[in-house]
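Student: What would the 3D arrangement of this be:
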Amino acid sequence: MPGVTHDDAPPLADLMPWSVAPPRLGRGWPTAPDPASLKARWDALLKADGADREALFEPTRSRTVHSAVGQLPGPHGGTRKLARASGPCPEPVRVLAAPFDEQWLIPDQRLIDAARPELWRVADDAQVFAVETPDAPTWPLLATSRLPLLRPGRIRPLYRRPGGREPNMAPGLPDLLRALGHSPDPVDFLAWTLAAVRPDLSVPLPRDPEVWALGVELGRRALWLLRRDGERPRLPGGRRPYVRAPLPARPLTLHYDRDGETLHLDEGRVSPVPPEAWDFETAAGVRVLEQWFAQRTAREAGPGALAAIRPAAWQQSWTSELLELVTVLTLLAEVGARRAELRVARQVTATELREAGVLPVPQTARRPATVLDHHEEGPEGQFALI
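Tutor: Reported below is the predicted structural model:
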């Protein structure tokens, strides 16, 4: 992986200037690895009255059942105060809850302390969110098509407007890339950034088209694996993971046999699982597979807490997700190993970008674009144009 140097490479914060802090939920129960649990939690909340509903909700200074908030862009969720709310659960949406862990969220601003509506306004099929994970040992930047909930790094949408319009790139950067003989395509730029970004979140810009092309190739491969919104990744036949012994109804332990390349979920067995997949770590130094398993088997919520409403048994869909996660981590580790091939001997420095007028970026580029051409529903059904 490209290492930390002091060669005046521009920071990611200047190349993709618009960033948003990650959403802050304030309570854990609006997310879950399965959507059915979320609907059951919502029903349990609305069946409770008065102080019982308030306690189940888990109020904070930012949100109580009496908070008056608008509808999430989409539109998602309701606007009636939760103390008087009724009706079915808003349809859960898929989110990136942790590195490489897609879960479900009730998309309702009444449940979320800081939902970051500006992210929801630009979330669509064309959008890609670059997510900073600066303490990660291998990938200090991730990408996802899902709304990310990862903390504490900033979120940098690839596009400032819906429909893949107005790339979130420093003004003048596409023209500079074109002049160097590089592709100015926003996805190619993000691909290069994923492949070349350093742990300090600086991004060297190469002068050599061959180096750029190699980085874009590796980054495009990483993007496909991280987004998982196209053809599903598969390993060659002899390396493809399978369930070798049925998984129990409620597995409690996860163990890895390195010699046999086997993942044990109690008496259940999945293999082959390469060491590269098992050793893949998050920013906190926790193995991705261990964290993913813990999210689906934890029973830490106390009696009466909405988070205690969970599936009584292991879900079949989780087995499919586990096999795909092993595949993604294995293939991404291969891409990570190839990043060492990127040698940016000649680069465009931050000083040169300033001399060319690309930097500093105008403050307007660091603020969200005005994207609304319609009314959004405000608190208690009132409409406001923003």
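Student: Only C-alpha atoms from now on, for both contacts and neighbour counts.
Tutor: OK.
Student: Spatially nearest residue to residue 193 (excluding sequence neighbours)?
Tutor: Nearest residue to residue 193, sequence neighbours excluded (CA to CA, 6 or more residues apart in numbering): residue 203, at 6.4 Å.
Student: any idea how far residue 83 is from that neighbour?
Tutor: Distance, residue 203 to residue 83, by CA to CA, to the nearest Å: 49 Å.
Student: The two: who's more crowded?
Tutor: Between residue 203 and residue 83, residue 203 has the larger neighbour count (other CA atoms under 10 Å), namely 25 against 19.
Student: my guess is that one meets residue 196, correct?
Tutor: Yes. Contact criterion CA atoms under 8 Å: residue 203 and residue 196 qualify, at 6.2 Å.
Student: can you pull out the helices in the stretch 201-350 of the chain?
Tutor: 209-227, 275-278, 288-297, 316-338, 350-355 (DSSP state H, counting those that start in this stretch).
Student: May I see those arranged in a markdown table, with mean pLDDT and mean neighbour count as well?
Tutor: Converted to a markdown table, those look like this (pLDDT from 0 to 100; neighbours: other CA atoms under 10 Å):
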| stretch | mean pLDDT | mean neighbour count |
| --- | --- | --- |
| helix 209-227 | 97 | 20 |
| helix 275-278 | 98 | 18 |
| helix 288-297 | 96 | 18 |
| helix 316-338 | 97 | 18 |
| helix 350-355 | 96 | 15 |
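Student: between those, which gets nearest to residue 57?
Tutor: With distances scored as CA to CA, the stretch of those nearest to residue 57 is helix 288-297 (20.7 Å).
Student: so where's the stretch 51-200 of the chain uncertain?
Tutor: Along the stretch 51-200 of the chain, no part satisfies pLDDT under 70.
Student: Walking through it, point out its helices one by one.
Tutor: Using DSSP H, counting those that start in this stretch, the helices of the stretch 51-200 of the chain run over residues 117-122, 173-179, 186-196.
Student: Dump the ones you listed to a markdown table, plus mean neighbour count and distance to residue 56.
Tutor: Formatted as a markdown table, these follow (neighbours: other CA atoms under 10 Å; distance: least, CA to CA, whole Å):
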| stretch | mean neighbour count | distance to residue 56 |
| --- | --- | --- |
| helix 117-122 | 20 | 25 |
| helix 173-179 | 16 | 50 |
| helix 186-196 | 23 | 41 |
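Student: looking at the ones you listed, which is closest to residue 95?
Tutor: When these are compared (using CA to CA), the closest one is helix 117-122, at 11.5 Å.
Student: hmm, who's touching that closest one?
Tutor: With contacts defined as CA atoms under 8 Å, 6 or more residues apart in numbering, helix 117-122 is touched by 20, 72, 73, 74, 147, 157, 159, 160, 161, 162, 368, 371.
Student: cool, and stretch 156-175?
Tutor: By CA under 8 Å, 6+ apart, stretch 156-175 touches 14-20, 119, 121-131, 184-187, 190, 357-359, 361, 365, 368-369, 371.
Student: Quick one, which of those are buried?
Tutor: Buried members of the contacts of stretch 156-175, scored by 16 or more other CA atoms under 10 Å, are 14-20, 119, 121-124, 127-131, 184, 186-187, 190, 358-359, 361, 365, 368.
Student: So which of those residues are in strands?
Tutor: With DSSP state E as the criterion, strands contain 129, 130, 131 from among these.
Student: And the first one, how far from residue 144?
Tutor: Spelled out, it's residue 129. 5 Å.
Student: can you give me the strands for the stretch 1-150 of the chain?
Tutor: With DSSP state E, counting those that start in this stretch applied, the stretch 1-150 of the chain shows strands at 31-32, 93-98, 101-105, 129-132, 141-144, 147-148, listed in chain order.
Student: Turn these into TSV, including distance to residue 234.
Tutor: Supplementary listing: the strands of the stretch 1-150 of the chain in TSV, determined by distance: least, CA to CA, whole Å:
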stretch	distance to residue 234
strand 31-32	26
strand 93-98	21
strand 101-105	18
strand 129-132	24
strand 141-144	19
strand 147-148	25
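Student: Residue 290: which of those strands is closest?
Tutor: Closest to residue 290 of the strands of the stretch 1-150 of the chain is strand 101-105 (CA to CA; 11.1 Å).
Student: Restrict that closest one to CA atoms and write it as CSV.
Tutor: C-alpha atoms of strand 101-105 as CSV (Å, rounded to 0.1, in the frame of the first residue of the first chain):
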residue,chain,number,x,y,z
ASP,A,101,-21.5,-5.0,7.0
GLU,A,102,-24.7,-4.1,5.2
GLN,A,103,-27.7,-4.0,7.6
TRP,A,104,-31.1,-2.4,7.6
LEU,A,105,-32.4,0.9,9.0
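Student: quick check: angle from it to helix 288-297?
Tutor: Relative orientation of strand 101-105 versus helix 288-297 (axes from the mean of the first three to the mean of the last three CA atoms, to 10 degrees): 30 degrees.
Student: which one of the strands of the stretch 1-150 of the chain lies closest to residue 345?
Tutor: The nearest among these, by CA to CA, is strand 141-144 at 22.3 Å.
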